[in-house]
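Colleague: Generate coordinates for the sequence data below:
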Amino acid sequence: MTKKQKIWLAVSLIMFLAPEFLWSPITNFFHELIDDIPYRDNLLNYRADLITIAVSIQFLGLVGVIGLLWFKKNYRNIKEGRAILVFFLFLALIVLFELYIVSSSTLAIL
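Modeller: Numbers count the residues shown, from 1 in each chain. So this is what the prediction gives:
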């Protein structure tokens, strides 16, 4: 990877990881589906619009990571590279599902 691609990969990963470390929106979402109690109580639990923004940022970060890994031709030809790409695709689908649920509940509130 070139230096520019590495920088964009780091930025994309930070876009996903920073909201997850600060507020755990994905972990809280799935934990509340199971137990009705948030995994970690925070500001995002009470504001659906803030959750939508945080999850949107996470989804954009994952799309950036997937895009950078996909267009790196020799990376997708190795077994480990394909496994990492599939992992990020699965994670993006989970985040997209959460974004759909959260945004539909936000629209219902309005």
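
Colleague: May I have the residues that are in contact with Gly81?
Modeller: 69, 72, 75 (Cβ atoms under 8 Å, 6 or more residues apart in numbering). Placement of C-beta: from N, CA and C, glycine included.

Colleague: Next, it: secondary structure please.
Modeller: helix (DSSP: H, G, I helix; E, B strand; the rest coil).

Colleague: List buried residues within the contacts of Gly81.
Modeller: 69, 72, 75 (16 or more other Cβ atoms under 10 Å).

Colleague: Keep only those of the contacts of Gly81 that are in strands.
Modeller: Among the contacts of Gly81, no member falls in strands (DSSP state E).

Colleague: Switch those residues over to TSV; also include pLDDT and distance to Ile84.
Modeller: Formatted as TSV, these follow (pLDDT from 0 to 100; distance: Cβ to Cβ, whole Å):
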residue	pLDDT	distance to Ile84
Leu69	85	7
Lys72	77	11
Tyr75	70	8
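
Colleague: got those residues as a markdown table, with distance to Gly61 columns?
Modeller: Formatted as a markdown table, these follow (distance: Cβ to Cβ, whole Å):
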| residue | distance to Gly61 |
| --- | --- |
| Leu69 | 13 |
| Lys72 | 17 |
| Tyr75 | 18 |
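
Colleague: which one of those residues sits closest to Val95?
Modeller: Among those, Leu69 lies closest to Val95 (Cβ to Cβ), at 16.1 Å.
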